[in-house]
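> with the sequence up front, the predicted model follows.
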Amino acid sequence: MESRVEQAIERHKRGFNCAQAVACTYCDLAGVSEDVMFRMMEGFGAGMGAMECTCGAVSGAVAVAGMKNSNGRDLANSKGKTYQLSRKITNEFREKNGSTVCKDLKGVETKQVLRSCDGCIADAAELVEKILFTQE
């Protein structure tokens with residue numbers, strides 16, 4: 001698969017929030033329309049709760065994991081595998097950036113920025129490609 005990292009960053013530059021930028025870039029591979037993914041991810045931008053929670057780029061990557069892996073029936077095998085994929089995404093993102101929390105990444109309280117939004121989007125997109133789509 002050819003990398004789509006730059007496409008994700010370009011979406012962000014066009015006004016998509018971080019979650020939408022990541023999730024919409026891979027929605028075709030996850031079997032969902034861009035319109036549905038865009039609407040679904042709208043509330044996950046800015047770290048949910050105005051930067052208080054999980055980085056939107058990470059949320060977008062986890063959404064792609066669920067859409068790609070879930071069998072739609074909430075069976076243990078599907079859910080467990082999706083949780084494993086999600087954990088791998090969040091752990092690797094945290095290892096690279098020091099946090100998965102938007103306000104920490106942006107240095108809201110510390111005034112020390114750990115990662116820019118475009119950097120978070122690039123990292124999350126790279127993890128989507130590495131963890132979800134390299135085995136295909």
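It's in. Numbers count the residues shown, from 1 in each chain.
> going by C-alpha atoms from here, please, whenever you check contacts or count neighbours.
OK.
> any idea which helix or strand comes after the helix ranked longest in the chain?
Counting by DSSP state H, the longest helix found in the chain is helix 76-97. Downstream of helix 76-97, the next assigned helix or strand under DSSP states H and E is helix 102-105.
> this protein: helices as residue ranges?
Using DSSP H, the helices assigned to the chain run over residues 5-13, 18-25, 27-30, 34-41, 56-69, 76-97, 102-105, 117-127.
> so which bits of the longest one are buried?
Residues of helix 76-97 classed as buried: 79, 82-83, 85-86, 89-90, 93, 97 (neighbour count, 16 or more other Cα atoms under 10 Å).
> about what we covered before: using TSV, lay out the helices of the chain together with mean pLDDT and distance to residue 48.
Output for the helices of the chain, formatted as TSV (pLDDT from 0 to 100; distance: least, Cα to Cα, whole Å):
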stretch	mean pLDDT	distance to residue 48
helix 5-13	98	16
helix 18-25	98	10
helix 27-30	95	21
helix 34-41	97	10
helix 56-69	96	7
helix 76-97	93	16
helix 102-105	95	8
helix 117-127	98	14
